[in-house]
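In: Make a model of this:
(chains A and B)
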Amino acid sequence: MDTQTLITLLYVLILATFVGFELITKVPPTLHTPLMSGSNAISGITIVGAILATGPEPGNFAISKILGIAALLFATINVVGGYAVTDRMLQMFKKKKK
Amino acid sequence: MTNRELIIALGYLVASVLFILGIKLLGKPSTARRGNLYSAVGMLIAVGVTLMHQNILSWTEIFATILVGSAIGLIAAKRVEMTQMPEMVALFNGFGGAASMFVATSEQWHVAIEQGGSPELITAITTVISIIIGAITLTGSLIAYGKLSGKVSGKAIVFSGQHLLNLVLALAMVGAAVWSIQAPANVVPLLLMLGIALLLGVLTVIPIGGADMPVVVSLLNSYSGIAACATGFVLNNQVLIIAGALVGASGLILTQIMCKAMNRSLVNVLLGGFGQTGGSGSGAGSSDMVVKEVHPEEAAMLFDGASSVIIVPGYGMAVAQAQHVVRELMELLEKRGIDVKFAIHPVAGRMPGHMNVLLAEANVPYDKLVEMEQINDEFANTDVVLVIGANDVVNPAALKDPNSPIYGMPILNAYQAKTVIVCKRSMNPGYAGIENELFGYPNTLMMFGDAKKTITEVVNELKENA
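Out: As a prediction, this is how the structure comes out:
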């Protein structure tokens, strides 16, 4: 990675952090548990890296690939379970019926 | 850039936008579910375009793993009880950390050991950061999961020399990390660093007690985001950085809110052992407090004569699974024309928003739940306050007794109501290990017993006299 790329990525990081702070301070306490489990599912984005680590050389189970498969398993549980459980919670939040 | 690379890059961009929109929509209960869906679609797109990558050839391995992982995730999400939500979130969080740890380790193994290449300095540094944060997130979350689910003692585990040990280990870990950056093909520093990080995750969470878990779960949530972010730097992938930054920010904000609600600094929470040593600081001995008891029949009469009621739920309500009968009580009281509200302290329960989820499960409309700042002025004009399994968050010592360990913590002003009924198993002190002055107040009545049982009796009494 050259310095130019690093700087670009740092820009991305800092701008995204600001966006995150702006958006999340607006989430009301009522939704803090779903926010936490939903954002937790988002952190499963590492699944992208896990797929890339698992991807090359089919059938050849080198250590890097086994580590990749482990990563993929954990990331998938994190992503699928995280979104499913958040959805289950959010469908319970109802307003007072008129 | 080939067409394929262009599509992948654009796919990641769309995914990033969907994550941001998803979190924006999570800001309102009416749109929150749609927000979660947007975010899930973003994830699906990110996965889809990644599969287009030219190096992706091991279809069997990938699809078999995704299938197994999805099945485990779905079953876990379906089966979990709403009262178990904090430990479920902690566990998933640990898995996120594990994924980052494995991806970064795999990358270093692949580049440096299997291919004999030497990664660039920046990549090497972000790799060790990603491994360390991922490993700490993994074992820290597992301990938090154990504590929340009762598999590990919820008590703070403290021993002398603990902080020194952690410090020494942390320094050793940094040393191993520097060594690993200089000799990326050497397995010894890599595994040494990984091992110490895993151990540190355990050691940093064991001294933290059960009621401080909202802070820890929030902080670990933030870590899992930071770990994903670091992995993004390793792989030079923007979508990981953006998603990781959003999660990192979210966890940090929640951590800050939780600490503020307990009037404690993050450092104080993390050093742990709260209430274990300073518990006897408060002057009042357990013997000189006179409490008045109330039985469910009399409590029902008090409710019958009230025109306004505020319910203060705490962790005890979750333990007793009393949320459904509490909703029934609310409906009966409302039928009598009594105004009923719920007062939610930010740290009630074991994770941010824990009470809100439980009451939502019991079909209590979310607009009945009022935050501390909004409801605190109403207690003085309220006839009956019902405290269910909450303790420290209604202790007036936090306002009045400068010697109390919880002095300065914002509380719900339940003591100002005409009558306070406290549902509690016994006179045991709360988490902080201190007496609750409120129980001895002349306007306080104690209703001893299991919250679900006693409130069911109150409900039956109210039904009979309808």
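In: Could you check the pLDDT of the closest residue to B:His110 other than its chain neighbours?
Out: Take B:His110 and drop its neighbours on the chain: the residue closest to it by CB to CB, 6 or more residues apart in numbering or on different chains is A:Ser64, 3.6 Å away. The way it works is simple: take the backbone N, C-alpha and C, and place the C-beta from them, glycine included. If you check A:Ser64, the pLDDT there is 93.
In: Just confirm A:Ser64 contacts B:Ala104, I think it does.
Out: No: the pair A:Ser64 and B:Ala104 does not pass the contact test of CB atoms under 8 Å, sitting 11.1 Å apart.
In: Comparing the two, which shows the higher neighbour count?
Out: Neighbour comparison, A:Ser64 and B:Ala104: the larger count goes to B:Ala104, with 32 against 23 (by other CB atoms under 10 Å in any protein chain shown).
In: just to confirm, which helix or strand has the more buried one in it?
Out: Taking DSSP states H and E as the criterion, B:Ala104 maps to helix B:85-108.
In: Could you confirm whether the helix or strand following that helix reaches chain A?
Out: Later in the chain than helix B:85-108, the nearest helix or strand by DSSP H and E is helix B:121-149. Yes: residues of helix B:121-149 are located near chain A by CB under 8 Å from any CB of the partner chain, namely B:122-123.
In: One more: stretch B:65-77?
Out: Yes: using CB under 8 Å from any CB, we find that stretch B:65-77 touches chain A at B:65-66, B:68-70, B:72-74, B:76-77.
In: And the helix holding B:Ala104, what does it pack against?
Out: helix A:32-43, helix A:47-54, helix A:63-76, helix A:82-90, helix B:121-149, helix B:187-205, helix B:213-235, helix B:354-361 (3 or more CB pairs under 8 Å, 6 or more residues apart in numbering or on different chains; DSSP states H and E).
In: Switch those over to TSV; also include distance to A:Ile14.
Out: TSV is the format used below for those (distance: least, CB to CB, whole Å):
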stretch	distance to A:Ile14
helix A:32-43	18
helix A:47-54	21
helix A:63-76	25
helix A:82-90	26
helix B:121-149	16
helix B:187-205	26
helix B:213-235	11
helix B:354-361	32
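In: So which of those helices is nearest B:Lys341?
Out: Proximity to B:Lys341, assessed across those by CB to CB, is greatest for helix B:354-361 (11.5 Å).
In: Quick one, grab the pLDDT at residue 69.
Out: Using chain A. Listed pLDDT for A:Ile69 reads 96.
In: try again with chain B
Out: pLDDT, B:Gly69: 97.
In: same check, this time on B:Val319
Out: 88.
In: my guess is A:Lys26 meets B:Leu25, correct?
Out: No: the criterion here is CB under 8 Å, and A:Lys26 misses it with B:Leu25 at 10.9 Å.
In: Among the two, which residue is more densely surrounded?
Out: Each of A:Lys26 and B:Leu25 had its neighbours counted (other CB under 10 Å), and the higher figure belongs to B:Leu25 (19 against 12).
In: who touches that one in this structure?
Out: B:31-32, B:34-35, B:38 (CB atoms under 8 Å, 6 or more residues apart in numbering or on different chains).
In: again, but for B:Leu57
Out: So B:Leu57 contacts A:55-58 (CB under 8 Å, 6+ apart).
In: now B:Lys78
Out: Applying CB under 8 Å, 6+ apart, the residues contacting B:Lys78 are A:84, A:88.
In: Run the angle between the helix or strand harbouring it and helix B:85-108 for me.
Out: Following DSSP H and E, one finds B:Lys78 within helix B:59-79. Here the directions of helix B:59-79 and helix B:85-108 differ by 170 degrees (axes from the mean of the first three to the mean of the last three CA atoms, to 10 degrees).
In: can you pull the buried residues of helix B:59-79?
Out: Of all the residues in helix B:59-79, those buried under the rule 16 or more other CB atoms under 10 Å in any protein chain shown are B:61-62, B:65-66, B:69-70, B:72-74, B:76-77.
In: low-scoring stretches of chain B, by residue?
Out: Within chain B, the stretches with pLDDT under 70 are B:272-288, B:429-433.
In: Point to the residue nearest the middle of it.
Out: Note on chain B: the residue nearest the mean C-alpha position is B:Met351, at 3.1 Å, using CA atoms, centre = their mean.
In: tell me, how many neighbours does the residue lying closest to it once chain neighbours are set aside end up with?
Out: Closest residue to B:Met351 apart from its sequence neighbours, by CB to CB, 6+ apart: B:Pro86 at 4.1 Å. B:Pro86 has 27 neighbouring residues, counting by other CB under 10 Å.
In: now B:Pro365
Out: That count, for B:Pro365 with other CB under 10 Å as the rule, works out to 16.
In: what does the one 10 residues further on give?
Out: The local packing count at B:Ile375 equals 21, with neighbours defined by other CB under 10 Å.
In: Up against chain A, what does the stretch 151-300 of chain B have?
Out: B:217-218, B:221, B:224-225, B:227-229, B:231-251, B:253-254, B:257.
In: Any idea which residue of the stretch 51-200 of chain B lies closest to chain A?
Out: Of all residues in the stretch 51-200 of chain B, B:Gly69 sits closest to chain A, at 2.7 Å by CB to the nearest CB.
In: Could you check what's spatially nearest to that residue, not counting adjacent residues?
Out: A:Thr76 (2.7 Å).
In: Outline the domain layout of chain B.
Out: B:80-271, B:282-464 (automatic domain parsing).
In: quick one on the thing from earlier: among the residues of stretch B:65-77 next to chain A, which one sits closest to B:Asp367?
Out: So of the residues of stretch B:65-77 next to chain A, ranked by how close each gets to B:Asp367 (CB to CB), first place is B:Ala77, at 26.8 Å.
In: Take the buried residues of helix B:59-79 and lay them out in CSV including distance to A:Ile69.
Out: What follows is the buried residues of helix B:59-79, written out as CSV (distance: CB to CB, whole Å):
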residue, distance to A:Ile69
B:Glu61, 6
B:Ile62, 9
B:Thr65, 5
B:Ile66, 10
B:Gly69, 10
B:Ser70, 15
B:Ile72, 14
B:Gly73, 16
B:Leu74, 19
B:Ala76, 20
B:Ala77, 22
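In: Now the two most distant members of the residues you listed.
Out: Taking CB to CB, no two of those sit farther apart than B:Glu61 and B:Ala77, at 24.3 Å.
In: tell me the contacts of B:Tyr366?
Out: A:30, A:93-95, B:29, B:356, B:359-360.
In: Which secondary structure element is home to B:Ala343?
Out: Counting by DSSP H and E, B:Ala343 is found in strand B:339-344.
In: OK, contacts around residue 23?
Out: Picking chain A for this. So A:Leu23 contacts B:20, B:23-24, B:27, B:246 (CB under 8 Å, 6+ apart).
In: meant chain B actually
Out: Here B:Ile23 is in contact with A:20, A:23-24, A:27, A:35, A:38-39, A:42, B:35, B:39, B:246, B:250 (CB under 8 Å, 6+ apart).
In: Repeat the analysis, applying 10 Å as the threshold.
Out: B:Ile23 sits next to A:19-20, A:22-24, A:26-27, A:35, A:38-39, A:42, B:35-36, B:38-39, B:243, B:246-247, B:249-250 when contact means CB atoms under 10 Å, 6 or more residues apart in numbering or on different chains.
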